[in-house]
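Trainee: sequence unavailable; structure follows:
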């Protein structure tokens, strides 16, 4: 499936560059969600993320001729989005954000998961609860920037390790380390919540052990 | 090799991504068979990832797509 979308995409790009510019709408449609969420994970504000998403798409259109087929279009587009996000963060916070990459591996924290003993699996009913989604959104928003970015690209947008590394300009090893830490921080953060929902729904469905 | 819990935790993320080698996978699975704590950690982490990838968890603003394409249409006319 990926192969197929790759060739269709290459054809679309060729046609756009040859003058059928209206096709650019179709080219970006599969990635609208990804562009927005990438930017939202950075600027953490809906209006700003939407504005930045528009800028990203316009910029991708203007620079389409410089896209080389050796990268995937989706990764290229994500890179543009990340650059747009970084530009806005710099503007908003001044030079403080420049050192964002250096704070990376020096981050001291506890990246062990939280143990749970009273349930095996969260019932689907619990996963569908609005409160759990809300708790997850909050927990993701509160991850340190470098972890949130990797987590967003890998687990929300389902880029692979190499694509994530390429989009962020870091090595694949760092992607794996940061992803692991992000996941463990989220697990720890959400455990109290998972426990209570699991217990509640267990009682509700009469599935007490 | 017998793994302890802490050792398993270090590899949970890579285990979920199926990027551990066959030997390590086997060791982890042997540990999970008898360790309720690690099994629960694994399940909860997996469930968090399922929830993360669900489109309902991270939603787009209403009208986002329409506004994006309207803006793009203006740009295409200009160029």
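Mentor: Noted; the coordinates are in hand. Just so it is clear, the structure is predicted and the values come from calculations on it, not from any experiment.

Trainee: use CA for all of it now, contacts and neighbours both
Mentor: OK.

Trainee: center of chain B, which residue is that?
Mentor: Nearest to the mean C-alpha position of chain B, by C-alpha atoms, centre = their mean, lies residue B:49 at 3.8 Å.

Trainee: end-to-end on stretch A:161-174?
Mentor: Counting by C-alpha to C-alpha, to the nearest Å, you get 10 Å between the two ends of stretch A:161-174.

Trainee: list the buried residues in that stretch.
Mentor: Applying a neighbour-count criterion of 16 or more other C-alpha atoms under 10 Å in any protein chain shown, one finds A:161, A:162, A:163, A:164, A:165, A:166, A:167, A:168, A:172 buried in stretch A:161-174.

Trainee: helices - which of the residues you listed land there?
Mentor: Those of the buried residues of stretch A:161-174 mapping onto helices are A:161, A:162, A:163, A:164, A:165, A:166, A:167, A:168, A:172, per DSSP state H.

Trainee: from the residues you listed, pick the one nearest residue B:59.
Mentor: Nearest to residue B:59, judged by C-alpha to C-alpha, of these is residue A:164 at 21.4 Å.

Trainee: quick one on the thing from earlier: can you list the ones in helices among the buried residues of stretch A:161-174 in CSV and add pLDDT and distance to residue A:44?
Mentor: Formatted as CSV, those follow (pLDDT from 0 to 100; distance: C-alpha to C-alpha, whole Å):
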residue, pLDDT, distance to residue A:44
A:161, 94, 23
A:162, 93, 25
A:163, 91, 23
A:164, 93, 20
A:165, 94, 22
A:166, 90, 22
A:167, 88, 19
A:168, 90, 18
A:172, 96, 25
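
Trainee: and of those residues, the nearest to chain B?
Mentor: Chain B lies nearest to residue A:161 out of these, by C-alpha to the nearest C-alpha, at 9.8 Å.

Trainee: burial measure for residue A:46, as a count.
Mentor: Neighbour count for residue A:46, taken as other C-alpha atoms under 10 Å in any protein chain shown: 16.

Trainee: name the nearest residue to it, ignoring sequence neighbours.
Mentor: Excluding its sequence neighbours, the residue lying closest to residue A:46 (C-alpha to C-alpha, 6 or more residues apart in numbering or on different chains) is residue A:40, at 6.5 Å.

Trainee: run through the residues that contact that neighbour.
Mentor: Contact analysis of residue A:40 by C-alpha atoms under 8 Å, 6 or more residues apart in numbering or on different chains lists A:46, A:48, A:49, A:50.
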